[in-house]
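[1] The following block contains a protein sequence and its predicted model.
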Number of protein chains: 2
Amino acid sequence: MPARVTTLKELAASLGLSITTVSRALAGHRQIALKTRERVAQAARQAGYVPNTAARTLVSGRSGFVGLVLPIRGPNLVDSFLGEFVTGLGEGLVAHGADLILATAAQDQAELAVLRHVVESGRADGVVVTRIAEVDERLAYLRRRGFPFVAHGRLLDNDFDYNWLDTDGAHAFGEAFDMLYDLGHRHFGLVTISEPMTFRHLRQDGLAAAIARRGDPSVRLDVATAPRFDRGARIQAVNRMLQRPDRPTAIVALFDELALTVMEEAARAGLTVPRDLSVIGFDNVVASAYAPPGLTTFDASIRQCAREIADMLLTVIAEKSAAPLTSLIRPTLVPRASHGPAPLTRS
Amino acid sequence: MPARVTTLKELAASLGLSITTVSRALAGHRQIALKTRERVAQAARQAGYVPNTAARTLVSGRSGFVGLVLPIRGPNLVDSFLGEFVTGLGEGLVAHGADLILATAAQDQAELAVLRHVVESGRADGVVVTRIAEVDERLAYLRRRGFPFVAHGRLLDNDFDYNWLDTDGAHAFGEAFDMLYDLGHRHFGLVTISEPMTFRHLRQDGLAAAIARRGDPSVRLDVATAPRFDRGARIQAVNRMLQRPDRPTAIVALFDELALTVMEEAARAGLTVPRDLSVIGFDNVVASAYAPPGLTTFDASIRQCAREIADMLLTVIAEKSAAPLTSLIRPTLVPRASHGPAPLTRS
DNA sequence: TGCAAAATTTAAAACGTTTGCAATTCGGCA
DNA sequence: TGCCGAATTGCAAACGTTTTAAATTTTGCA
């Protein structure tokens, strides 16, 4: 109720004890008499005492925070990734009394600089790194620095060990291929992005591996690439693929947003999904359930992954053990209505 | 590059200066010789010096953080609200060198307790409060405590002054009514929630006011209410409204999620939107663009609002002036294909 | 050259907590 | 009653920074 915060000194004075004793009593040290501990706990509760984070951090070297550098985003979010991710992290952290710090990278500012600032200022005991790039200076920095972190995603080469959790996109894309192949499709399209993120390789490689496994030389794969945030270019790339006389009968998109574009453009081109064209996405964004005829996609359960990432990170922070934690989550197929048998005839 | 952080003491020692001088030089105090300031800045840059947040906070009493208590959410997020809101806050904060702290309320934990903890621990210089309830103990606490905050949303009664930013839902719902009335609709339905949030009143009152303004006694309004997170109950409530022989010809939903349910159930009941039924939502979630035939709704530009909230809060923190800041943002109509003329005949 | 004023730098306290070590109190036994 | 060890409590340092007040150096002018 008071306008000022209660401090340990005040609490100690009101109890006629030393600061040391009160501090220890609240921490539950057994060397403090049980009766004293109870008396202190009672007084602290009544006074609404909450220890000052800055002071505690300063002396203990632990802030109780985990950092996340906010991905710089385009003008419009089209999915709930960030919300789910942050919610999941929060859920995982709160179980251990930790909280989340969100550091935003300003427009002109490199994400690495923000990360460095978070780390060097001692704001956080560990960080989560998302959207892993092919050459990721953030991971290199954190490793050099010996700072606890967990990556959401992976590097392509495993030059060094680190903690990561990734969605098994390779497996999903293989599964998508197998399903489509069994439905008679032989001519495939992949819509991907030009940004150097590792997940595009992992997923594309998973697709290629599944094709190779099948060993059918009649299988063909076309690839369309466009910048992630350039909607115009994306539409162009999709249309180039759709309007060729020998267009694919099945298109796999790197993620739902691209798949939705494919469905929109297919409709505009007079194609009926899935009769003329099968489309499969990845992420299971909310809109994928609403976009007619309902997009078949994979659910990566972001929130759940984030929760596990939080757990991993807290483990890493607690015991700076050498053994790197890794986790590969298999996404689940969400079969809706955008895939079907390959069209029988083709000119 | 070093594994340990650089401290002010080390920096001072390496420069042959006192800690005081280095601190002041970095802060840009004019009393320090220009040449010294430059020399210090150079050395700090090279050493990668970043001041320790805990120490700075402890002595200055300012953490440079703004707090947000994460709304406890149901198992599945259906929109990107949180992501947009957090992004907007981050954008607003980073311009002033502030960052965001996200505190999650555990399942069984009251949001107020988490808020109290954030405030009393000195983690944050101010907080943002969302989802204002009819009787909101958080606002009461913050006011009693004299702690800087900005509310996203408003209380119904203006017993005391506080800083808020709200979307003008009342105006939007009035606008929706006017548009539908002019299209010939006379029988309206409102789908709302049972949770005691103030925005449902503000929007419903806006609708009622518009009806009253029109002064047409033939206008009729039915209201369906269901718990926010109980999908089953919501569907039931919607169907009760839809399956009455004299169902409304136009339904306004408190927000898009409800409107999407209305459209789904209407389709299931064999009704064609907008021929048989007009539907209007609020929020402009991504799915509303994809749900056939395209939901007419209002865009509240969450991200923009959040950015302004951040600005307001930083102002409040900087100058604890008495004048309360308030801002009422008018949402823009996003006309899509879910509204149209009232059906001509009715049994 | 000397002295006051201006310019520049520094010592030390403070912020609120944790913790190593020392001091005090207590109970039991001779 | 006196003493020892165990139980309990307290002193003081430390964490890294900002800031007040004071000390030191430099400059300008007689």
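    Structure received. Numbers count the residues shown, from 1 in each chain, chains lettered A, B, ... in the order given.
[2] What separates the first and last residues of stretch A:222-240, distance-wise?
    Distance across stretch A:222-240, first residue to last, is 11 Å (CA to CA, to the nearest Å).
[3] now that stretch: mean pLDDT?
    For stretch A:222-240, the mean per-residue pLDDT is 95.
[4] how about that stretch against chain B, any contact?
    No: using CB under 8 Å from any CB of the partner chain, we find that stretch A:222-240 stays clear of chain B, coming within 13.0 Å at best. Where you see a C-beta, it was placed from the backbone N, CA and C, and this is true even at glycine.
[5] wait, does stretch A:254-264 contact chain B?
    Yes: for stretch A:254-264 and chain B, the contact criterion (CB under 8 Å from any CB) is met by residue A:260.
[6] Show me what counts as buried in that stretch.
    A:254, A:255, A:256, A:257, A:258, A:259, A:260, A:261, A:262, A:263 (16 or more other CB atoms under 10 Å in any protein chain shown).
[7] Turn those into CSV, columns for secondary structure.
    As requested, these are exported to CSV (DSSP: H, G, I helix; E, B strand; the rest coil):
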residue, secondary structure
A:254, coil
A:255, coil
A:256, helix
A:257, helix
A:258, helix
A:259, helix
A:260, helix
A:261, helix
A:262, helix
A:263, helix
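[8] In JSON lines: those residues, plus distance to DNA strand C and pLDDT.
    Rendered in JSON lines, the data for the buried residues of stretch A:254-264 read as follows (distance: CB to the nearest atom of the strand, whole Å; pLDDT from 0 to 100):
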{"residue": "A:254", "distance to DNA strand C": "48", "pLDDT": "98"}
{"residue": "A:255", "distance to DNA strand C": "45", "pLDDT": "97"}
{"residue": "A:256", "distance to DNA strand C": "46", "pLDDT": "96"}
{"residue": "A:257", "distance to DNA strand C": "46", "pLDDT": "94"}
{"residue": "A:258", "distance to DNA strand C": "50", "pLDDT": "96"}
{"residue": "A:259", "distance to DNA strand C": "51", "pLDDT": "98"}
{"residue": "A:260", "distance to DNA strand C": "51", "pLDDT": "97"}
{"residue": "A:261", "distance to DNA strand C": "53", "pLDDT": "97"}
{"residue": "A:262", "distance to DNA strand C": "56", "pLDDT": "98"}
{"residue": "A:263", "distance to DNA strand C": "56", "pLDDT": "98"}
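[9] which two in those are spaced the farthest apart?
    Largest separation among the buried residues of stretch A:254-264 by CB to CB: A:254 and A:263, giving 14.5 Å.
[10] what's the closest non-adjacent residue to the spatially most central residue of chain A?
    With the centre of chain A defined as its mean C-alpha position, the nearest residue by CA atoms, centre = their mean is residue A:152, 5.1 Å away. Taking CB to CB, 6 or more residues apart in numbering or on different chains as the measure, residue A:152 lies nearest to residue A:130, with 4.5 Å between them; neighbours along the chain are not counted.
[11] Return the distance of that neighbour relative to residue A:71.
    According to CB to CB, to the nearest Å, residue A:130 and residue A:71 sit 6 Å apart.
[12] more crowded one of these two?
    For residue A:130 versus residue A:71, the count of surrounding residues by other CB atoms under 10 Å in any protein chain shown is larger for residue A:130: 18 against 14.
[13] Before we move on, what's the pLDDT of the more buried one?
    As predicted, residue A:130 sits at a pLDDT of 95.
[14] Does it touch residue A:149 like I think?
    No: with contact taken as CB atoms under 8 Å, residue A:130 and residue A:149 are classed as non-touching, separated by 10.9 Å.
[15] Give me the residue ranges of the stretch 151-300 of chain A where confidence is low.
    Screening the stretch 151-300 of chain A residue by residue with the criterion pLDDT under 70, one finds no matching range.
[16] Write out the residues of it neighbouring chain B.
    Contact residues, the stretch 151-300 of chain A versus chain B (CB under 8 Å from any CB): A:260, A:285, A:286, A:287, A:289, A:290, A:291, A:292.
[17] ok, which stretches of chain A are helices?
    Listed in chain order, the helices found in chain A under DSSP state H are A:8-15, A:19-27, A:34-47, A:53-60, A:81-94, A:111-120, A:137-145, A:169-182, A:198-214, A:231-242, A:256-268, A:286-290, A:302-318.
[18] Is it possible to get JSON lines of these that adds distance to residue B:60?
    Putting the helices of chain A into JSON lines (distance: least, CB to CB, whole Å) gives the following:
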{"stretch": "helix A:8-15", "distance to residue B:60": "19"}
{"stretch": "helix A:19-27", "distance to residue B:60": "22"}
{"stretch": "helix A:34-47", "distance to residue B:60": "25"}
{"stretch": "helix A:53-60", "distance to residue B:60": "9"}
{"stretch": "helix A:81-94", "distance to residue B:60": "27"}
{"stretch": "helix A:111-120", "distance to residue B:60": "17"}
{"stretch": "helix A:137-145", "distance to residue B:60": "26"}
{"stretch": "helix A:169-182", "distance to residue B:60": "46"}
{"stretch": "helix A:198-214", "distance to residue B:60": "41"}
{"stretch": "helix A:231-242", "distance to residue B:60": "45"}
{"stretch": "helix A:256-268", "distance to residue B:60": "44"}
{"stretch": "helix A:286-290", "distance to residue B:60": "43"}
{"stretch": "helix A:302-318", "distance to residue B:60": "27"}
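[19] The residue nearest to the centre of chain A touches residue A:132, doesn't it?
    Yes: with contact defined as CB under 8 Å, residue A:152 counts as touching residue A:132 (7.5 Å).
[20] Quickly list what's touching both of those two.
    Common neighbours of residue A:152 and residue A:132 (criterion: CB atoms under 8 Å, 6 or more residues apart in numbering or on different chains): none identified.
[21] For the closest residue to residue A:137 other than its chain neighbours, the count of nearby residues, please.
    Excluding its sequence neighbours, the residue lying closest to residue A:137 (CB to CB, 6+ apart) is residue A:112, at 5.3 Å. Burial of residue A:112 is recorded as 16 neighbouring residues (other CB under 10 Å).
[22] In contact with residue A:112, which residues?
    Shown in contact with residue A:112 (CB under 8 Å, 6+ apart): A:137, A:138, A:141.
[23] Residue numbers of chain A in contact with DNA strand D?
    Residues of chain A lying near DNA strand D by CB under 7 Å from any atom of the strand: A:16-21, A:24, A:31-34, A:36, A:55, A:58-59.
[24] Before I go, just wanted to say thanks for your time.
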